[in-house]
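K.L.:
just the structure for this:
(one chain, ligands or ions: 1)
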Amino acid sequence: MSLAERETQVVERVAKQLFIGGSWRDAAGGATFKVEDPSTGAVLCEVADASVEDAFAALDAAAAAQPAWAAWAPRDRGEVLRRAYELLMERQDDLALLMTLEMGKPLAEAKGEIAYAAEFLRWFSEEAVRIGGDYAVSPNGQSRFLIMRQPVGPSMLITPWNFPMAMGTRKIGPAIAAGCTMVLKPAQQTPLSALALADILREAGLPEGVLSVLPTSDAGGVTEPLLRDGRIRKLSFTGSTAVGRKLLEQSAEQVLRTSMELGGNAPFLVFDDADLDAAVEGAMQAKMRNIGEACTAANRMYVQSGIAPEFARRLSERMGALKLGRGTEPDVQVGPLIDARAREKVQGLVDDAVGRGARVLVGGAPGEGGGYFYLPTVLADVPQSSELSTTEIFGPVAPIIPFDTEDEALAAANDTEYGLVSYVYTQNLNRALRVSEALETGMVGLNQGIVSNPAAPFGGVKHSGLGREGGRVGIDEFLETKYIGLGGL
Ligand code: NAP
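P.N.:
This is a model prediction of the structure:
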């Protein structure tokens, strides 16, 4: 079968309707919206466009399913996750192709994301049976404490377009393990991966009503009434800080539990005692994973003055050699940005830095072709006052800002309202620990350019968010703690 035929087939196979209460249906008003391939601008298909009426149908299903679902044996909930993990891995190639078509990332990276996404399901299939409690004697010896964990209840999940599958499973995995029902609203630009996932979970045995999926062109119109309804008890959101802030305000009315995985502005620090080869390799990963469209992307590269020119030279050589193109083509390493607006924003940030004295070593302009391509770019001698040192770039642009002392680097790195992740390259153990402690971020990549791992707690501080996903603590976000005081013993 030719690639074009496979592309048509993977898109055709996905149900393009709403998934509510265990079945597929059109939107109440029959509306649809278009899904585009960002590498060509061509329309891939149309998908049902959920209205507020559909949202309430999904909430009704989630509320009705909650008591029976919470009573399922933890082992059985874990088995559903385990089967879904296996199905995702069996269908990795097709799911990766589907993701590349709707989001643009190169096929090899899309395959990597399917494995990463599946791993959340496997990890939480193992956590479902480890929801513990506690028993203690009160300090005065006169009563006993019995402490149990219970599901929070129906949860609203809202995900972004940049990791269309993994951002879903990072929430769905712990929610299933904990026994919560869910209403998922995927990003408008990438609904197909979420719809494919819903079908896999159905096939894996997830009961009716436990998960509903609502693609929509009216995100706020569909989610706000649910957040204000009172039956939703939890919001788990991944996306921009601006939208997260709005959702926190909406969640205040019903005093919802909230998990917020928001924007980043990661500093990447390279000291002159670093292994330079490793630092350049790490910079390529931290910058170019997902075409630079990752919350964890290195946004500002602070490099000690003595090694900054050599670091810039080596990084430019690597960045300039990357192959740009449609993610389905062989050997392509950099796909398109998600849309024209994203590309204009990246160009604007580059122009601003250049206007303030930065030098373009490589790239600095849109790529060729019908898609939203932007050339891998390295900027040297970027002034700290540039807009890109305070703004999430979300594109393949590496700004290098030289520094002289450790204190200066730390002050610049922490001079941002964001606090998701930072990266440090040094071979001096004392400095490594001192700097890692002083960085105001939820995660630190110490001599490594990727921190994401389903078995580790992912999340930020400051305006980068609240709560953690993955790791041992990921399930806590979907559990309440109940204390029973036992008297009369
Ligand atoms: P976004 O614009 O905030 O959108 C995220 C999700 O929120 C989408 O599903 C979007 O729907 C929805 N949304 C937008 N406005 C809404 C509203 N008023 N009410 C309810 N939902 C609303 O972010 P994005 O551009 O998709 O994603 C990029 C951002 O996500 C970056 O800032 C990135 O750093 C962040 N991110 C963070 C993490 C993390 O773990 N910390 C991981 C990945 C991405 P529509 O698609 O319909 O607009």
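K.L.:
now the helices for this protein?
P.N.:
Taking DSSP state H as the criterion, the chain carries its helices at 3-13, 52-70, 74-90, 92-103, 107-127, 166-178, 191-203, 219-227, 241-252, 276-288, 308-320, 340-355, 406-414, 429-438.
K.L.:
and those helices, which is most packed in?
P.N.:
helix 166-178 (a mean of 28; mean count of other CB atoms under 10 Å). Just so you know, the C-beta spots here come from the backbone N, C-alpha and C atoms, and that holds for glycine as well.
K.L.:
same for that helix, what does it pack against?
P.N.:
Judged by 3 or more CB pairs under 8 Å, 6 or more residues apart in numbering; DSSP states H and E, the packing partners of helix 166-178 are helix 74-90, helix 107-127, strand 155-158, strand 182-185, helix 191-203, strand 234-238.
K.L.:
who wins for proximity to Leu375 among those?
P.N.:
helix 107-127 (18.0 Å; CB to CB).
K.L.:
circling back to that earlier point, dump the helices and strands packed on helix 166-178 into a markdown table; add distance to Lys287 and mean pLDDT as well.
P.N.:
Output for the helices and strands packed on helix 166-178, formatted as a markdown table (distance: least, CB to CB, whole Å; pLDDT from 0 to 100):
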| stretch | distance to Lys287 | mean pLDDT |
| --- | --- | --- |
| helix 74-90 | 28 | 98 |
| helix 107-127 | 14 | 98 |
| strand 155-158 | 27 | 98 |
| strand 182-185 | 30 | 98 |
| helix 191-203 | 24 | 98 |
| strand 234-238 | 21 | 98 |
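K.L.:
can you redo the ones you listed as JSON lines with distance to the ligand?
P.N.:
As requested, the helices and strands packed on helix 166-178 are exported to JSON lines (distance: least, CB to the nearest ligand atom, whole Å):
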{"stretch": "helix 74-90", "distance to the ligand": "19"}
{"stretch": "helix 107-127", "distance to the ligand": "12"}
{"stretch": "strand 155-158", "distance to the ligand": "5"}
{"stretch": "strand 182-185", "distance to the ligand": "6"}
{"stretch": "helix 191-203", "distance to the ligand": "9"}
{"stretch": "strand 234-238", "distance to the ligand": "5"}
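K.L.:
nearest to Pro160, of the helices of the chain?
P.N.:
Using CB to CB, these put helix 166-178 closest to Pro160, at 6.0 Å.
K.L.:
hmm, back to that, can you redo the helices of the chain as JSON lines with distance to Thr390?
P.N.:
Shown next, in JSON lines, are these (distance: least, CB to CB, whole Å):
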{"stretch": "helix 3-13", "distance to Thr390": "39"}
{"stretch": "helix 52-70", "distance to Thr390": "35"}
{"stretch": "helix 74-90", "distance to Thr390": "38"}
{"stretch": "helix 92-103", "distance to Thr390": "27"}
{"stretch": "helix 107-127", "distance to Thr390": "28"}
{"stretch": "helix 166-178", "distance to Thr390": "25"}
{"stretch": "helix 191-203", "distance to Thr390": "31"}
{"stretch": "helix 219-227", "distance to Thr390": "26"}
{"stretch": "helix 241-252", "distance to Thr390": "12"}
{"stretch": "helix 276-288", "distance to Thr390": "18"}
{"stretch": "helix 308-320", "distance to Thr390": "21"}
{"stretch": "helix 340-355", "distance to Thr390": "10"}
{"stretch": "helix 406-414", "distance to Thr390": "11"}
{"stretch": "helix 429-438", "distance to Thr390": "20"}
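K.L.:
looking at those, which is nearest to Val378?
P.N.:
helix 308-320 (4.5 Å).
K.L.:
and the closest one, what does it pack against?
P.N.:
Using 3+ CB pairs under 8 Å, 6+ apart: helix 308-320 touches helix 276-288, strand 298-304, strand 359-362, strand 377-380, strand 397-403.
K.L.:
which residue does the stretch 1-150 of the chain bring closest to the ligand?
P.N.:
Phe33 (9.4 Å; CB to the nearest ligand atom).
K.L.:
what is the burial count for that residue?
P.N.:
16 (other CB atoms under 10 Å).
K.L.:
ok, now which ones touch it?
P.N.:
Contacts for Phe33 were tallied using CB atoms under 8 Å, 6 or more residues apart in numbering; they are Glu46, Val47, Asp49, Gln188, Pro215, Thr216, Ser217.
K.L.:
next: Pro186.
P.N.:
Pro186 touches Thr159, Pro164, Gly168, Ser193, Ala194, Leu195, Val213, Pro215, counting by CB under 8 Å, 6+ apart.
K.L.:
just to revisit the earlier point, save the helices and strands packed on helix 166-178 as JSON lines, and put in distance to Val303 too.
P.N.:
Below are the helices and strands packed on helix 166-178 laid out as JSON lines (distance: least, CB to CB, whole Å):
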{"stretch": "helix 74-90", "distance to Val303": "39"}
{"stretch": "helix 107-127", "distance to Val303": "26"}
{"stretch": "strand 155-158", "distance to Val303": "37"}
{"stretch": "strand 182-185", "distance to Val303": "40"}
{"stretch": "helix 191-203", "distance to Val303": "37"}
{"stretch": "strand 234-238", "distance to Val303": "30"}
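K.L.:
what does the stretch 351-489 of the chain have sitting close to the ligand?
P.N.:
Selection of the stretch 351-489 of the chain residues close to the ligand by CB under 6 Å from any ligand atom yields Glu392, Leu420, Gly460, Gly465.
K.L.:
okay, these in JSON lines with pLDDT next?
P.N.:
As requested, those are arranged in JSON lines below (pLDDT from 0 to 100):
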{"residue": "Glu392", "pLDDT": "97"}
{"residue": "Leu420", "pLDDT": "98"}
{"residue": "Gly460", "pLDDT": "98"}
{"residue": "Gly465", "pLDDT": "97"}
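K.L.:
take the residues you listed and write them to CSV, including neighbour count.
P.N.:
Listed next are these as CSV, based on neighbours: other CB atoms under 10 Å:
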residue, neighbour count
Glu392, 23
Leu420, 29
Gly460, 27
Gly465, 27
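K.L.:
next, give me the two most distant ones among the residues you listed.
P.N.:
Glu392 and Gly465 (13.2 Å).
K.L.:
Val360: neighbouring residues, count only.
P.N.:
17.
K.L.:
contacts only, for it.
P.N.:
Val350, Val354, Thr377, Val378, Leu379.
K.L.:
out of the residues you listed, which is nearest to Arg6?
P.N.:
Thr377 (32.6 Å).
K.L.:
state the distance from the closest residue to that closest one other than its chain neighbours to Val334.
P.N.:
Setting aside the residues directly before and after it, Thr377 is nearest to Gly363 in space (CB to CB, 6 or more residues apart in numbering), at 3.1 Å. Counting by CB to CB, to the nearest Å, the gap from Gly363 to Val334 is 10 Å.
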